[in-house]
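Asker: Got a sequence here, can you model it:
(2 chains)
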There are 2 protein chains.
Amino acid sequence: MSFVVSRTADAGGRRGCLTLPHGVVETPVFMPVGTAATVKAVPQETLESLGQDGAGAQIILANTYHLYLRPGHDLIRRMGGVHRFMSWTRPMLTDSGGFQVFSLAKLRKITPDGVEFRSHLDGSKHFFSPEHSIAVQIALGADVIMAFDECVEHPASYDRTRDSMALTHAWARRSADYFLQHRDEVPWAADFSGQRQSLFGIVQGGMYPDLRRQSAEALVEMDLPGYAIGGLAVGEPREMTRDIIAQTLEWLPKDKPRYVMGVGYPDEIEVYAKLGVDMMDCVLPTRAGRHGLVFARLEGEVIRLNIKKVEFAGDAGPIDAKCACTVCARYSRAYLRHLFSSGEPLAATLLSVHNLAFYLDTMARVRRELAPSLSSVNDLHPTVG
Amino acid sequence: MSFVVSRTADAGGRRGCLTLPHGVVETPVFMPVGTAATVKAVPQETLESLGQDGAGAQIILANTYHLYLRPGHDLIRRMGGVHRFMSWTRPMLTDSGGFQVFSLAKLRKITPDGVEFRSHLDGSKHFFSPEHSIAVQIALGADVIMAFDECVEHPASYDRTRDSMALTHAWARRSADYFLQHRDEVPWAADFSGQRQSLFGIVQGGMYPDLRRQSAEALVEMDLPGYAIGGLAVGEPREMTRDIIAQTLEWLPKDKPRYVMGVGYPDEIEVYAKLGVDMMDCVLPTRAGRHGLVFARLEGEVIRLNIKKVEFAGDAGPIDAKCACTVCARYSRAYLRHLFSSGEPLAATLLSVHNLAFYLDTMARVRRELAPSLSSVNDLHPTVG
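Answerer: All right, here's what the predicted structure looks like:
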């Protein structure tokens, strides 16, 4: 992995280039979430050409918890890893499974060693330790993998947050130790000789700036290739998310990618990118799409339309007249409303495609604004090393 | 509309060319069903490029009953007709609504004047007469529309079938009369000057050859531009379907398109096309796809695979190694099984795309076999008149 920052704006936002085994990612980047090795309702060939520039998603996520339960990481390893399994040749990132264990699984029991939980699918009993999370992520073979962490609920007391953070740090060390010993077991090792997965650490510390600082410092000491800011967008007010991100960025190295997990609305990801966040992911564009909610711009402001509304029943215009996506080029609000109201599966596909394109176009514009002189994609690509 | 038969094989199968206001259709043709102005789970841009030759679906169906109830034919008329509403520029065909009234609606009450029924969506009361069916179909504006008919259940007695057939004939005359008076009201009249919708008649008569003959003769006397054979694939054995089709074709004019409604399996549509059927439609490729059933060939025979089966869990091969569709080119049985087992919406899309391509490729091959010397599509196209 290499990460090169080409230009940093006064406000901290920077344009960069992340080179991973499966390809090059221009940053700041928004990463669509492909929970179960599929970005819900969107074919891979569509993902590859999304957005105004037709360049598509540069990198997508998959969820370790979901793939571990179904179809199982051993199966995916035998199929050559998650890229080959889902036929996605570009970079991927997996989370540690921690967040889903804490939000989806049942009857969790946390010990210093790990988390025992029951599957949300069938109630079966499982145990995730830092070592097991990394073993699963090596089997899946994403380009970037995440240390196993605990994410506290919001609000959480200072003491609870501090103890949880300490557990996260201990688990990060165990994640890194296990990864160091097993990183050559990735299923595509032979296809990308000399290249490896990259393990990122996750800064926790809840809504307490001094804990965030402690957490950042503890992880930076481990000298990992990239750092995420976790435990945000868990119900706190927008301003608090922004403040925690702005402060935490100060304590993270400027020459490594900085990733905020699970954010946000289109206007939020723009703000965070301009603060200096390099990577973000969120289920919002696809989840909103499946619920009939689409993003658009009205006089420069991001608005959210509910396509179900009767006012769109005879509306021959596109979702967003200024959007260059394939959905806005072809389909009317009236037709999309009809599909959604009729429970037609095409609704989820088309509304998700628009929302994803809206997110990717937002980030492409932010990249241009951060470095207007770098007009071509190729200007940014360093030699792969 | 023009219909030109280029070559007829000894067994009766013929290769032809049907020119409609929205484009040219090479026959024999399979028409995917777009029930509610959407071929379920498949985007229009994908429909346009389906199949080995990348030519896509030449013509698709929409269901009058469904669109009448939701979003309503008046809305679709205001939007410029169903082509513009769903952004499909190629030819379309609508059925009369009769079949759905008899199969889906509740509390039907049939009188010589028409059918009173309650919506399967909300229980609201509606009345379809031949005149109303044609009025709705003119508002929708498909290139080919169908006379309002009654389709008897199977098995049905001779007397019941004969009486129902007589009603169908009376309704066909009323359909044609209404159409003659109102055919210039189609919403795209101004865009295609001098061109019109074409009203096809529907031969009924159940499983009784003498009634089929009576029905064909009565309709042929009306001199309609094309004829359908309805009331098949309602539960009768395969051989009976085939025999009724073969016999009925004898009584229909050779210079007009002949359409068998609602059939069939891929091997069946091949047989019927080779008997001389020019047009067929069926929900099977998409409905089967949504249920995890996919078509393939094994040593030349059509087989049906249930993608759910555990034997496919680790199968890295495509659905059909000889299929040239985008799904077989990219995705493994293992991945498709995973999507289906996980309830992922992408499963319905990909399995439907494969099945539709399988049907379209079957018909493309049958067309080549019927007229091997006509290598180019353009050889077949007469001057639009």
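
Asker: ok, now which ones touch the residue nearest to A:M79 when sequence neighbours are not counted?
Answerer: The spatially closest residue to A:M79, leaving aside those adjacent along the chain, is A:F85, at 4.4 Å (CB to CB, 6 or more residues apart in numbering or on different chains). From N, CA and C alone the C-beta is placed, and that goes for glycine too. For A:F85, the set of contacting residues under the criterion of CB atoms under 8 Å, 6 or more residues apart in numbering or on different chains consists of A:A37, A:I76, A:M79, B:S332, B:A334, B:Y335, B:H338.

Asker: any idea which helix or strand carries A:F85?
Answerer: Taking DSSP states H and E as the definition, one finds A:F85 inside helix A:82-86.

Asker: For that helix, the averaged confidence score.
Answerer: Model confidence over helix A:82-86, given as mean pLDDT, is 98.

Asker: How about the residues of the stretch 251-385 of chain A by chain B?
Answerer: Contact residues (CB under 8 Å from any CB of the partner chain) of the stretch 251-385 of chain A with chain B: A:313-314, A:316, A:326, A:330-332, A:334-335, A:337-339, A:341-342, A:344-346, A:348-350.

Asker: One more pass at 6 Å, please.
Answerer: Contact residues (CB under 6 Å from any CB of the partner chain) of the stretch 251-385 of chain A with chain B: A:R330, A:Y331, A:A334, A:Y335, A:H338, A:L339, A:S342, A:E344, A:P345, A:L346, A:A348.

Asker: Give me the neighbour count for A:G300.
Answerer: By the measure other CB atoms under 10 Å in any protein chain shown, the count of residues near A:G300 is 6.

Asker: Burial check on the residue of the stretch 251-385 of chain A found nearest chain B, number of neighbours?
Answerer: With CB to the nearest CB as the measure, the residue in the stretch 251-385 of chain A that lies nearest chain B is A:P345; the distance is 4.1 Å. Residue crowding around A:P345 was assessed by other CB under 10 Å; the count is 19.

Asker: right, and it touches B:A41 too?
Answerer: Yes - between A:P345 and B:A41 there is a contact under CB atoms under 6 Å: 4.1 Å.

Asker: residues bridging contact with those two, i.e. touching both?
Answerer: Applying CB atoms under 6 Å, 6 or more residues apart in numbering or on different chains, one finds that A:P345 and B:A41 are jointly contacted by B:A348.

Asker: low-scoring stretches of chain A, by residue?
Answerer: A:374-385 (pLDDT under 70).

Asker: Which residue ranges of it form helices?
Answerer: Taking DSSP state H to define them, one finds helices in chain A at A:44-47, A:64-69, A:73-78, A:82-86, A:98-103, A:130-140, A:158-182, A:209-220, A:238-250, A:266-275, A:284-290, A:326-330, A:333-341, A:345-370.

Asker: Packing partners of the third one?
Answerer: Using 3 or more CB pairs under 6 Å, 6 or more residues apart in numbering or on different chains; DSSP states H and E, the elements in contact with helix A:73-78 are helix A:130-140.

Asker: Is the helix it packs on positioned near chain B?
Answerer: No - taking CB under 6 Å from any CB as the criterion, helix A:130-140 and chain B are apart, separated by no less than 13.1 Å.

Asker: Dump the C-alpha coordinates for that helix into PDB.
Answerer: Presented in PDB, the C-alpha positions along helix A:130-140 are these (Å, rounded to 0.1, in the frame of the first residue of the first chain):
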ATOM      1  CA  PRO A 130      -9.500 -10.000  17.700                       C
ATOM      2  CA  GLU A 131      -7.600 -13.000  16.400                       C
ATOM      3  CA  HIS A 132     -10.700 -14.500  14.900                       C
ATOM      4  CA  SER A 133     -11.800 -11.200  13.300                       C
ATOM      5  CA  ILE A 134      -8.500 -10.900  11.600                       C
ATOM      6  CA  ALA A 135      -8.400 -14.500  10.500                       C
ATOM      7  CA  VAL A 136     -11.900 -14.000   8.900                       C
ATOM      8  CA  GLN A 137     -10.700 -10.800   7.200                       C
ATOM      9  CA  ILE A 138      -7.600 -12.500   5.900                       C
ATOM     10  CA  ALA A 139      -9.800 -15.300   4.400                       C
ATOM     11  CA  LEU A 140     -12.100 -12.700   2.800                       C
END
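
Asker: what comes into contact with it?
Answerer: A:64, A:68, A:73, A:76-77, A:82, A:94, A:96-97, A:145, A:148, A:171, A:174-175, A:178-179, A:182, A:185-186.

Asker: Which positions within stretch A:254-270 qualify as buried?
Answerer: A:256-266, A:268-270 (16 or more other CB atoms under 10 Å in any protein chain shown).

Asker: out of those residues, who's nearest A:M279?
Answerer: Lowest distance from A:M279 to those (CB to CB) belongs to A:Y259, with 3.8 Å.

Asker: What's opposite the closest one in the beta bridge?
Answerer: A:A228, A:M279 (DSSP bridges).

Asker: Now the closest residue in space to A:G12 that isn't next to it in sequence: phi and psi?
Answerer: Beyond its immediate neighbours in the sequence, the residue positioned closest to A:G12 (CB to CB, 6+ apart) is A:G276, lying 3.7 Å away. A:G276 adopts backbone torsions of phi 120, psi 10, taken as degrees, to the nearest 10.

Asker: Give me the neighbour count for A:G276.
Answerer: Burial of A:G276, expressed as a neighbour count using other CB under 10 Å, amounts to 22.

Asker: Run through the residues that contact it.
Answerer: Shown here is A:G276, whose contacts under the criterion CB under 6 Å, 6+ apart are A:G12, A:G13, A:R14, A:L249.

Asker: and the residues you listed, which are buried?
Answerer: A:G13, A:R14, A:L249.

Asker: Please look at the second one and A:V5 and confirm they touch.
Answerer: By that I understand A:R14. Yes - with the criterion set as CB under 6 Å, A:R14 and A:V5 qualify as a contacting pair; they are 4.9 Å apart.
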